[in-house]
Structure formats: structure tokens, C-alpha cells
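Student: Pasted the sequence and its predicted model underneath.
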Amino acid sequence: MKSRLLEAIEAFSGIYSGWILWNLFLAFIPLVLSFWLFRRKTNDRPVVWWLGWLVFLAFLPNAPYLLTDIIHLIRGTRVGYATWIIALVFIPLHIAAIVSGFEAYVISLINQGHYLKRQGQRSLVMWSELAVHGLCAIGIYLGRFRRFNSWDLVTDPGNVLLVTIDDLTAKMPLLVIVITFVILTVLYWVMKQITLGLVLRFRETHREKLINSD
């Protein structure tokens with residue numbers, strides 16, 4: 001039993017611990033920013049707000065980017081670890097990372113939609129979501145296949161722009177981006193309904209408790 005536990009710990013530290021922690025950290029940056037940007041009580045938008053918004057957009061693709069980390073699971077299965085490690089360590093960790101990252105993406109956009117509604121721009125919510133899906137599809141492609149990072153937009157903007165234009169005018173990269181856009185759109189819609197449903201249920205439960213306490 002002890003040897004199996006040590007084997008599981010070794011597998012986790014050797015294959016998953018680094019990318020899980022780092023990618024989740026990057027995914028939660030836009031989530032935290034979304035609360036500061038879109039849930040603040042004031043409607044003022046000073047320069048620092050716009051800078052925060054740019055950082056939010058730059059890091060947002062990191063949240064759904066975890067969907068592409070399926071390659072780590074494939075790599076883990078090829079190393080030669082025992083089946084029980086793959087089933088009880090690799091797969092659960094991978095699913096948890098994907099769900100956490102994508103949920104960060106969903107909540108970030110829900111917060112954005114809340115802000116637009118508060119500004120009287122309800123009609124822009126869906127279009128803003130689609131625009132973000134498109135930008136994130138491009139960002140995911142650049143991150144996975146071109147190995148760019150969010151901060152490259154500041155440290156190497158010229159190269160990022162040239163590569164992006166080149167990819168958007170090439171058939172295969174454009175096809176991958178379009179497929180990614182469709183996947184993001186569908187998964188986001190499903191996860192948004194689930195998230196809003198859970199929030200509604202939580203509020204109803206909380207309201208019932210308050211009523212019963214009175």
C-alpha cells in the first residue's frame with residue numbers, strides 16, 4: 001500500500017503538479033480581475049480600470065486553454081504508469097483542472113454580462129460573449145501551437161501580430177480556430193446554464209432559511 005502511494009505521489013509530481021498549478025494560476029487571474037472590473041459598485045472607469053480590462057482580456061484565454069491540456073493525459077498514459085494511477089490520479093486531476101479553468105472562464109463572462117446589463121447594454125451581452133469566444137479561440141491557438149504567452153502581447157507585440165495575421169490567413173490554423181470557437185461557444189452555453197441554475201438554487205435555499213428563521 002505504501003509503495004503504491006509513493007508511486008502515485010511520484011506520478012503526480014513528475015507529470016502533473018507543475019502544469020496544473022501554473023495553468024490554474026493563470027486561469028484565475030482573469031476571474032479575480034472580473035470581480036474587480038465588473039462587480040464594483042461605482043460606474044467610474046479611470047485609466048487603471050482600462051488597464052485592468054486589457055490585462056483581463058490578455059489573460060482570459062488561459063482559462064479555457066486548460067481544455068487543450070488533454071495532451072498531458074495522453075503523455076501520462078504513455079509513460080508506463082499502472083492503470084490504477086491513470087484511472088485514480090491522472091484522469092480525476094485532469095478533469096478537475098479542466099472544469100476549474102473553464103468555470104473560471106464562465107464566471108468571468110457572467111460578471112462581464114452583469115456589468116453590461118447594469119450599464120443598460122443588455123443587447124450587447126451575447127455579442128460580447130461571442131467576441132470573447134473568438135478572441136480566446138485565437139489566443140488558445142497561439143498558446144498551444146505557437147507557444148506564445150499572455151505577456152508576449154507586451155514584450156513582443158510585433159511578432160504576435162504578424163504570426164496572428166499569418167495564421168488567420170492560412171487554412172489549417174483558421175480551421176482549428178473556428179473549431180475551437182464552436183467548442184467554446186457550446187461548452188460555455190451549457191456551463192453558463194448550470195452555473196446560473198446553481199446560483200439561483202443557492203439563493204432560493206438561502207431565502208427559505210431566512211424565512212424559516214423568522
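Tutor: That came through, no problem. Numbers count the residues shown, from 1 in each chain.
Student: Give me the pLDDT for Ile70.
Tutor: Predicted confidence (pLDDT) at Ile70: the value is 77.
Student: how close does it get to Leu60?
Tutor: 20 Å (Cβ to Cβ, to the nearest Å). Just so you know, the C-beta spots here come from the backbone N, C-alpha and C atoms, and that holds for glycine as well.
Student: Repeat that for Leu116.
Tutor: 16 Å.
Student: So between those two, which is more surrounded?
Tutor: Leu60 (27 against 19; other Cβ atoms under 10 Å).
Student: Contact partners for that one?
Tutor: 30, 105, 108, 132, 135-136, 139 (Cβ atoms under 8 Å, 6 or more residues apart in numbering).
Student: Try it again at 7 Å.
Tutor: Contact partners of Leu60, counting by Cβ atoms under 7 Å, 6 or more residues apart in numbering, are 30, 108, 132, 136.
Student: Who's the closest spatial neighbour of the most centrally placed residue in the chain, skipping the chain neighbours?
Tutor: Taking Cα atoms, centre = their mean, the centroid of the chain lies closest to Ala63, which sits 1.7 Å from it. Nearest residue to Ala63, sequence neighbours excluded (Cβ to Cβ, 6 or more residues apart in numbering): Tyr105, at 3.7 Å.
Student: Which helix or which strand is home to that neighbour?
Tutor: helix 91-118 (DSSP states H and E).
Student: on contacts alone, who are the packing partners of that helix?
Tutor: helix 17-38, helix 62-65, helix 70-79, helix 125-144, helix 171-213 (3 or more Cβ pairs under 7 Å, 6 or more residues apart in numbering; DSSP states H and E).
Student: swap the cut-off to 6 Å and go again
Tutor: Here helix 91-118 touches helix 17-38, helix 62-65, helix 125-144, helix 171-213, going by 3 or more Cβ pairs under 6 Å, 6 or more residues apart in numbering; DSSP states H and E.
Student: The helix or strand hosting Leu162 versus helix 171-213: what angle between them?
Tutor: Using DSSP H and E, Leu162 sits in helix 157-168. Per axes from the mean of the first three to the mean of the last three Cα atoms, to 10 degrees, the angle that helix 157-168 makes with helix 171-213 is 100 degrees.
Student: Check the model's average confidence along helix 157-168 for me.
Tutor: Per-residue scores along helix 157-168 average to 91.
Student: What residues sit buried inside it?
Tutor: 160, 163-164, 167 (16 or more other Cβ atoms under 10 Å).
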